[in-house]
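K.L.:
please find the sequence and the predicted model below.
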Amino acid sequence: MRGVFITFEGGDGAGKTTQMRLLAEVVRRGGVEPVVVREPGGTRTGESVREILLGPAHDDLTAVAELFLFAASRAQLTAEVIVPALESGRVVLCDRYADSTTAYQGYGRGLDLDLVRRVNEAATGGLVPDLTIVLDVDPRQGVAAASAGGADRMERQAIAFHERVRAGYAAIAAAEPKRVKVIERGPVDAVWREVSCVAAPVLAGAGVRIDEGER
Ligand code: TYD
C-alpha cells in the first residue's frame, strides 16, 4: 500500500504552516495520524544542516553550497522518514520540498535549472508529491510578515530575489498543473476552503475523507 504525499510551498510569510496545521487536524479527525515534517530539517542531520542554512553564522555561503545543503537535508529526510512512511501507507504532509529548491536556488539564485533538477532528482530518489499546494503572496507583504520576529538568512534577501522566487513557483505550476495548485494569500478561512477542496480528492484516494463541514 502506498500512502499520500502532500507538500506545501510558497514564498516566505505566505501562511503555509498554518494551512498545513489545519489540514493535519482534519486528517486526524478523519481517524488517520499524519506524518508532519518540514524542510530544511525533520531529522537530526537535517536540523544541523538547517542551522547552517538559516543561522546568522554563514552569510558567506555560496549558491552552490546552499543548493547542496538543502539537498543533503532533503536526501536524509526522504530516506529516513518520508519513504518509509509512504511505504507503510501513511499520509505525509511536508512543509517545503524539492520545488523550494527549484524556486529559491534555481529561479531566486539563478543557478542552472538543469543542475537543480538533477540535484533534486538525486536527493528525492525520484519521489514526486501527489499534490503540491503553492500559497502565493506578494513578497512585500510576505517577507514583512515572516520577518516580524527577526529575519533569517533567506528572508534578508532583497525583494527582487523574492520576486524571482514567486515567478519560479508560477513557472513550476504552469509546467505541472495537475500536481501543483496555486492559491492566493487571503484570510485564513478563505485560503483553507481552497486548500481543503484541492486536498480532499487526493486524500480520498487513500481512503481519508474530509467531512463537508470541515471545509
Ligand atoms: P523556514 O523558517 O522554514 O521558513 P518558511 O516558514 O518560509 O518555510 O525557512 C526556510 C527558508 O529556506 C525559506 O526562506 C525558504 C528557504 N529554502 C530554500 O531556499 N531552498 C529549499 O530547498 C528549502 C527547502 C527552503
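P.N.:
Yep, that arrived.
K.L.:
elements contacting whichever strand or helix holds residue 51?
P.N.:
Using DSSP states H and E, residue 51 sits within helix 44-54. Counting contacts by 3 or more Cβ pairs under 8 Å, 6 or more residues apart in numbering; DSSP states H and E, helix 44-54 packs against helix 63-77. In this view, the C-beta of every residue, glycine as well, is placed from N, C-alpha and C.
K.L.:
for the helix holding residue 51, the distance to its chain's centre please.
P.N.:
Computed by Cα atoms, centre = their mean, to the nearest Å, the chain-centroid distance of helix 44-54 equals 16 Å.
K.L.:
what comes up buried for it?
P.N.:
By 16 or more other Cβ atoms under 10 Å, the buried positions in helix 44-54 come out as 46, 49, 50, 52, 53.
K.L.:
averaged pLDDT, that helix. What do you get?
P.N.:
Averaging pLDDT along helix 44-54 yields 96.
K.L.:
that helix vs helix 63-77, what angle?
P.N.:
160 degrees (axes from the mean of the first three to the mean of the last three Cα atoms, to 10 degrees).
K.L.:
after the worst-scoring helix or strand of the chain on mean pLDDT comes which helix or strand?
P.N.:
Lowest on mean pLDDT, DSSP states H and E among the helices and strands of the chain sits helix 139-146, with a mean of 87. Next along the chain after helix 139-146, taking DSSP H and E as the criterion, comes helix 159-175.
K.L.:
and the following helix or strand past that following helix with helix 159-175, angle?
P.N.:
Remark: after helix 159-175, the chain's next helix or strand is strand 180-184, criterion DSSP H and E. Angle, strand 180-184 to helix 159-175, by the same axes, to 10 degrees: 130 degrees.
K.L.:
buried residues, whichever helix or strand comes after strand 180-184. List them.
P.N.:
Where DSSP H and E defines the elements, the next helix or strand beyond strand 180-184 is helix 188-204. Applying a neighbour-count criterion of 16+ other Cβ under 10 Å, one finds 191, 192, 194, 195, 196, 199, 200, 202, 203 buried in helix 188-204.
K.L.:
name the residues of the least confident helix or strand of the chain that come out as buried.
P.N.:
139, 142, 143, 146.
K.L.:
for stretch 97-115, same thing?
P.N.:
Buried residues in stretch 97-115 (16+ other Cβ under 10 Å): 97-109, 111.
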